[in-house]
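J.: I'll drop the sequence and a predicted model, then ask my questions.
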Amino acid sequence: MTDKAKMQGSELFEQAMKNYEQALQSGLKLQQESARWWMDLMTQAGSPQEWQHRFSEVAAGSMANLQKRMEENLKVVEHNSRVSVELLKKAVDAAKADTVAAGQAKVQELWDASLEALRANTTAINQVNAKWVESWMQFVPKGKAASSARVAA
């Protein structure tokens with residue numbers, strides 16, 4: 001393995017660890033906010049009609065966000081499918097090399113393309129996950145404020 005490939009692998013690993021740490025922190029924050037929201041909701045229990053109204057609001061508000069996030073996920077899957085086909089083509093080309101030097105060059109090209117694909121995939125998934133968490137984080141305070149307003153009324 002060349003020094004360039006080792007350096008790319010090391011940078012990729014560091015970026016993946018950083019992304020994982022950010023996702024973990026966002027997930028913990030989401031869990032804390034969700035727990036607070038549920039506790040507030042449960043302590044302010046009202047009539048069954050009020051519960052039905054609250055959950056109808058929750059469902060209506062979350063469907064638009066859910067649809068957007070699912071579309072983003074589908075785009076990532078489609079992109080990954082195209083990249084996978086390209087990587088497969090590069091692998092086949094490397095296997096068909098006439099000389100050892102040509103084979104090594106094609107394998108190096110495949111390795112570089114694979115690392116780049118992994119980096120791009122990690123970034124895309126991290127962005128999509130961050131948007132999922134952000135959507136829920138925006139929703140939780142709204143639900144909390146709405147339930148507090150009803151209780152005050």
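T.: In hand now; what should we look at?

J.: avg pLDDT for the helix or strand hosting Gln127?
T.: Using DSSP states H and E, Gln127 sits within helix 100-152. For helix 100-152, the mean per-residue pLDDT is 76.

J.: quick check: Gln104 vs Thr122, distance?
T.: The gap separating Gln104 from Thr122 is 27 Å, by CB to CB, to the nearest Å. Any C-beta I mention is one placed from the backbone N, CA and C, and that applies to glycine too.

J.: more neighbours, those two?
T.: Thr122 (15 against 12; other CB atoms under 10 Å).

J.: my read is that the more buried one contacts Ala16, right?
T.: Yes - in this structure Thr122 lies within contact range of Ala16 using CB atoms under 8 Å: 5.4 Å.

J.: let me see the contact set for the spatially most central residue of the chain.
T.: Nearest residue to the geometric centre of the chain (CA atoms, centre = their mean): Asn129, 2.4 Å. Asn129 makes contact with Ala23, Ser26, according to CB atoms under 8 Å, 6 or more residues apart in numbering.

J.: tell me how far it lies from Ala35.
T.: 20 Å.

J.: one more: Asp98?
T.: For Asp98 relative to Ala35 (CB to CB), the value is 63 Å.
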